[in-house]
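Undergrad: Here's a sequence, model it:
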Amino acid sequence: MKKFVGLIFILLLLAGCNVGRGAGYNQADDTILCNPDTKHAFHVRRGPGDTSFVQRVPSGDKVCV
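TA: So this is what the prediction gives:
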């Protein structure tokens, strides 16, 4: 019985990890953004939950002219 309760808890926890993905917080995910001052390109990728990671992409600077 303890294993069953633990499994249900883990499944509920995992189901809650993706809450909010449709709330508009992820609109920039998987896109290239440009800094208008420096003309540098940045790639935005999804993280866990409602987080995003921004990484500098020097090879993408040519699109930021």
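
Undergrad: mind listing what the most centrally placed residue in the chain touches?
TA: With distances taken as CA atoms, centre = their mean, the chain has residue 46 as the residue nearest its mean C-alpha position (1.9 Å). By CB atoms under 8 Å, 6 or more residues apart in numbering, the residues touching residue 46 are 26, 29-30, 52-53. (C-beta placed from N, C-alpha, C; glycine too.)

Undergrad: Distance check, it against residue 29.
TA: 5 Å (CB to CB, to the nearest Å).

Undergrad: between these two, what contacts are shared?
TA: Common neighbours of residue 46 and residue 29, counting by CB under 8 Å, 6+ apart, are residue 52.

Undergrad: Surely residue 12 is within a helix?
TA: Yes - according to DSSP: H, G, I helix; E, B strand; the rest coil, residue 12 belongs to a helix.

Undergrad: quick one: the helices in this protein?
TA: 2-16 (DSSP state H).

Undergrad: Which stretches in it count as strands?
TA: Secondary structure of the chain (DSSP state E): strands located at 31-34, 41-46, 52-56.

Undergrad: Can you lay out the ones you listed as TSV showing distance to residue 65 and mean pLDDT?
TA: Shown next, in TSV, are the strands of the chain (distance: least, CB to CB, whole Å; pLDDT from 0 to 100):
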stretch	distance to residue 65	mean pLDDT
strand 31-34	9	92
strand 41-46	10	92
strand 52-56	17	92
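
Undergrad: TSV for those, including distance to residue 14?
TA: Shown next, in TSV, are these (distance: least, CB to CB, whole Å):
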stretch	distance to residue 14
strand 31-34	27
strand 41-46	16
strand 52-56	20
